[in-house]
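In: Sequence isn't available, so here's the structure alone:
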């Protein structure tokens, strides 16, 4: 497995090149440091170590019972979950990435087919490949998964599951419409295929609320496992996400947790719960949305001003952290990205890394605006325009 299935993250390579060259980064898909609630977290963790039971082996491998209950109530209140989701269906994870890994371990055998959006989250591709899966891409457009294409793929392949990021997708920024979600569920029922719904950007919407989750729309179907995360709305460093798992799959997921690490640090979960329970959550989310909306609009404006005539086309995401574009006339954007970070000190992520093997779009590009203020957006876009001109004139 280590020799044949593990690949180096190309995103990690670009992040290292940005740091090495002291470049402006349009690459990092993580929250801005000035948006992290350090004061709230500091207050929330006061007194956590007074409860010695949190430092021993916790009674549940699923995670802190209080936090699981809070998440369950929150999901039900906001309409994300159907009635069958109870605290015992919630597992606390090390970010949603662990949820991706656990779902893959539970459902994939070597040689299995897994359906993913084309493009999709790179680390999910790497995780499924590690388990021995062959990933098959399903085309998406601005409204989500192309239903006719999904049906066609499922006629040819018996897939273990479909993995989707329905809201403000990483990398495309696209959001699946309500009607498209219903149609996708209909196709999955037709072929009896489960769905893994990865929804870390759900609350980072800037132009209205996202549609109902697949989990909610499926009702009592039991074919949807949902992944959520506090990495984007609290802090990635707390390494805290969750899974909402149907009863039929929970024993396997829990066994995999026990066999990998027994459990996660419960005192961290307790401190996080203290913070969540102490704040006005809708007000807190509204502030995040307002701040990131400004950054999205700032980068859209800067890209248009500096790169409108340089062969760049791009979308306008309704939320999340990412803008998806195409650079015509460049050829291989991966080669250009290495040139740009060294020559003009501007870091971008080539879109080709987000596709299943053999399906790469070499002219695509992902921009992340979450950590980019207005000044950096202007300067970075100007540098990118210079890099394109220099690359093409070599």
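Out: That came through, no problem. Bear in mind the structure is a predicted one, so any value in this text is a computation, not a measurement.

In: C-alpha from now on. contacts and neighbour counts both.
Out: OK.

In: State the distance from the spatially closest residue to residue 329 that is not a sequence neighbour to residue 179.
Out: Using C-alpha to C-alpha, 6 or more residues apart in numbering and skipping the chain neighbours, the partner closest in space to residue 329 is residue 311 (7.0 Å). From residue 311 across to residue 179, the span is 33 Å (C-alpha to C-alpha, to the nearest Å).

In: Now do the strands in the stretch 51-200 of the chain.
Out: Shown for the stretch 51-200 of the chain, the strands assigned by DSSP state E, counting those that start in this stretch span residues 90-93, 113-118, 134-141, 144-145, 159-164, 195-198.

In: And the pLDDT at the residue nearest to residue 329?
Out: Model confidence at residue 311, given as pLDDT, is 87.

In: What is the burial count for it?
Out: Neighbourhood size, residue 311 [other C-alpha atoms under 10 Å]: 13.

In: Same question for residue 332.
Out: With other C-alpha under 10 Å as criterion, residue 332 counts 17.

In: try residue 162
Out: When neighbours are defined as other C-alpha under 10 Å, residue 162 has 23 of them.

In: Quick one: residues contacting it.
Out: 114, 115, 116, 193, 194, 195, 196 (C-alpha atoms under 8 Å, 6 or more residues apart in numbering).

In: Then residue 51?
Out: Counting by C-alpha under 8 Å, 6+ apart, residue 51 touches no other residue.

In: Distance of it relative to residue 116?
Out: According to C-alpha to C-alpha, residue 51 stands 43 Å off from residue 116.

In: show me what contacts residue 351?
Out: Taking C-alpha under 8 Å, 6+ apart as the criterion, residue 351 is in contact with 171, 333, 361, 362, 363, 364, 365, 366.

In: If any of those residues are buried, give me the PyMOL selection for them.
Out: Buried members of the contacts of residue 351, defined by 16 or more other C-alpha atoms under 10 Å, are picked up in PyMOL with:
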select buried, resi 171+333+361+362+363+364+365+366
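
In: What about the contacts of residue 351, which are in helices?
Out: Taking DSSP state H, the ones among the contacts of residue 351 that sit in helices are residue 333.

In: Looking at the contacts of residue 351, which is nearest residue 90?
Out: Distance to residue 90, by C-alpha to C-alpha, is smallest for residue 171 among those, at 26.7 Å.

In: And the pLDDT at that closest one?
Out: We have a pLDDT of 97 for residue 171.

In: Then the one 10 residues further on?
Out: The score at residue 181 is 98. That number is its pLDDT.

In: cool, and residue 8?
Out: What the model reports for residue 8 is a pLDDT of 69.

In: mind listing the helices for the stretch 151-300 of the chain?
Out: Taking DSSP state H, counting those that start in this stretch to define them, one finds helices in the stretch 151-300 of the chain at 178-191, 214-218, 250-261, 266-278, 281-307.

In: Where does the residue nearest to residue 302 when sequence neighbours are not counted sit: helix, strand or coil?
Out: In this structure, residue 302 finds its nearest non-sequential neighbour in residue 378, 5.1 Å apart by C-alpha to C-alpha, 6+ apart. State at residue 378, reduced to three classes by DSSP: H, G, I helix; E, B strand; the rest coil: helix.

In: In contact with residue 378, which residues?
Out: Residue 378 makes contact with 299, 302, 303, 306, according to C-alpha under 8 Å, 6+ apart.

In: tell me which of those is nearest to residue 46?
Out: Using C-alpha to C-alpha, residue 299 comes nearest to residue 46 of those, at 38.2 Å.

In: quick one: the residue nearest to that closest one when sequence neighbours are not counted and residue 307, what's the gap?
Out: Excluding the flanking residues, the one nearest residue 299 by C-alpha to C-alpha, 6+ apart is residue 377, at 5.3 Å. According to C-alpha to C-alpha, residue 377 stands 12 Å off from residue 307.

In: Ok, residue 61 next?
Out: Per C-alpha to C-alpha, residue 61 is found 51 Å from residue 307.
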